[in-house]
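J.: build me a model:
(chains A and B)
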Amino acid sequence: MNTIYERTLHGAGMWSAVISRHKRLRLTDLDGGANVSMLLYNALERTERYNMPDTLKGQHVFHLRAPYCLHSDMGRLLASITADTVGWHDTVCGHSDAARVRAKYGKLDYQDTRNEWHRNGRDCFLIELAKWGLGKKDLVPNLNLFSKVTAADDGRLTFVPGHSKPGDSVELRFEMDTLVVLNTCQHPLDPDPEYRHRHVKLEVLAGEPARPDDPSFTVRPENLRAWENNETYHALRF
Amino acid sequence: MKASTLDPQSAAFREVIPAGDWWVHEIKKGQTLRIVDLEGNQAADTLFFSAADPTERYSADRTIQEQGALYLTDGSKLMSTGGNVLLEITADTCGRHDTLGGACSRESNTMRYAHDKECMHACRDSFIRGAQEWRVELTKRDITCNINFFMNVPVTPDGRLTFADGISAPGRYVEMRAGMDVVCLISNCPQLNNPCNGWNPTPVEVLVFD
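T.: As a prediction, this is how the structure comes out:
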């Protein structure tokens, strides 16, 4: 497959880009135990954004994996999970902030260690969002790719350590031109007392248009109807 | 489950929100908001904002992080995006409230049910109108993942999620005390396509105690 772009994010790194329809983003956990917090927006209408509740209730799931889709708040698809060696990705636990990182891992500022300092998910999201004209109002519940959190019958949550192995990967196919904003800060419920700088490889690949019999659209009738809404949107706009 | 010690006769404010309507109201620090499910099994879709700075608002994920659990009941702290307590649930005779299910919209109805359901009244339209009518005009960007009081969205250990029949009943209520001045925006859900309102949307009552 044709690789358009490739880079490796070094621990607690952040990245954002507009990736056009049909292209794919492959993320690879190089060290094991990675977490990639991600938000998605319609690149042209950034008030349309990833919606955790619609993604979950539209597919009757609490976790994400291939071939499920990532839904926007406008009844459309932002992306489909087209390949996945992990099998469970969290989207309900959000991201860390400065106060929680300090409480959990202790104070380690830029003044102390320069670029080995403790970053946090909220600051990383807000920094990257600002570069596209977005801010606090646009920060909504995110994806935590590679991380597994299960719920007991009474709703208590358990983080599953070591869920993602070195070399595990997940691949998204974008179903509209999408602004991708991500960072590799640790999962907020990860009980590991050490602040880890894990490496994640990021590749943007060329892709083909999807067909209505694509596994991501046939897995649930809701996904096919959402894809039909995408088709209408693109027919009217372009 | 915990009953309240407050007498409804002593409420400083009370109003019935008809089925399918929206309500926006400021609640001062230290005041208590009670929402009553008058006829049973009615989802009250609810958002909160800091009245001083509405960019600080209710965060479903921060609330879930804080308690390490999905469902809301007495003792749950409703957390803001800034990591502060907006309100704390102080009484609850229903026992479980949802914060994963979000709000229905005309667009999501086409995805979830059928393209011809687009015409049906939905919570996110109510949220938009209510947000526009507070003293500071809020917009679609301010509408985020909400609380569904009285709604039952069970999650299974193997990772399934369903909209189940309600566990609420006529007269059950939930009560919460404000930890800061907040704006409360409620859409009394008009959804007719799933059991979240017992297939028959009904009024809820809101009471505010000093």
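J.: and the residue nearest the centre of chain A?
T.: The residue lying closest to the centre of chain A (C-alpha atoms, centre = their mean) is A:M38, at 3.0 Å.
J.: could you check the pLDDT of that one?
T.: Per-residue confidence at A:M38 stands at 98 (pLDDT).
J.: tell me the first helix or strand C-terminal of the helix or strand encompassing A:Q111.
T.: For A:Q111, the enclosing helix or strand under DSSP states H and E is helix A:110-113. Per DSSP H and E, helix A:110-113 leads on to helix A:121-130 as the next helix or strand towards the C-terminus.
J.: starting at the chain centroid, how far to the next helix-or-strand element following that next one?
T.: Using DSSP H and E, the helix or strand that follows helix A:121-130 in sequence is strand A:143-145. Chain-centre distance of strand A:143-145: 4 Å, with C-alpha atoms, centre = their mean, to the nearest Å.
J.: what's in contact with the lowest-mean-pLDDT helix or strand in chain A?
T.: The weakest-scoring helix or strand in chain A, judged by mean pLDDT, DSSP states H and E, is helix A:110-113 (a mean of 91). For helix A:110-113, contacts defined as C-beta atoms under 8 Å, 6 or more residues apart in numbering or on different chains pick out A:W117. To be clear about C-beta, it is placed using only N, CA and C from the backbone, and glycine gets the same treatment.
J.: using CSV, list the CA coordinates for it.
T.: The C-alpha coordinates for helix A:110-113 follow below in CSV (Å, rounded to 0.1, in the frame of the first residue of the first chain):
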residue,chain,number,x,y,z
TYR,A,110,9.8,21.5,32.1
GLN,A,111,12.1,23.4,34.5
ASP,A,112,13.0,20.1,36.1
THR,A,113,13.8,17.9,33.1
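J.: number of nearby residues for residue 198?
T.: Let's take chain A. For A:R198, the neighbour count with other C-beta atoms under 10 Å in any protein chain shown is 23.
J.: sorry, I should have been clearer: chain B.
T.: 15.
J.: follow-up on the earlier one: ok, then the element right after the host helix or strand of the residue nearest to the centre of chain A?
T.: Secondary structure assignment for A:M38, by DSSP H and E: strand A:36-42. Using DSSP H and E, the helix or strand that follows strand A:36-42 towards the C-terminus is helix A:52-59.
J.: elements contacting that next one?
T.: With contacts taken as 3 or more C-beta pairs under 8 Å, 6 or more residues apart in numbering or on different chains; DSSP states H and E, helix A:52-59 sits against strand A:69-71, helix A:221-237, helix B:106-112.
J.: nearest to A:P212, of the ones you listed?
T.: With C-beta to C-beta, the closest approach to A:P212 among the helices and strands packed on helix A:52-59 belongs to helix A:221-237: 6.6 Å.
J.: who touches that closest one?
T.: A:21, A:44, A:58-59, A:68-69, A:71, A:74-77, A:80, A:175-176, A:210, A:212, A:216-218, B:107, B:110-112, B:114-115.
J.: would you mind listing which of those are buried?
T.: The neighbour count (16 or more other C-beta atoms under 10 Å in any protein chain shown) marks A:21, A:58-59, A:68-69, A:71, A:74-77, A:80, A:175-176, A:210, A:216-217, B:107, B:110-112 as buried among those.
J.: count of neighbours near A:W132?
T.: Residues contacting A:W132 under the criterion other C-beta under 10 Å number 16.
J.: ok, back up a step: most packed of the helices and strands packed on helix A:52-59?
T.: strand A:69-71 (a mean of 28; mean count of other C-beta atoms under 10 Å in any protein chain shown).
J.: following the chain onward from that one, which element is next?
T.: Assigned by DSSP H and E, the successor of strand A:69-71 is strand A:77-84.
J.: can you pull the buried residues of that next one?
T.: For strand A:77-84, the neighbour count (16+ other C-beta under 10 Å) marks A:77-82, A:84 as buried.
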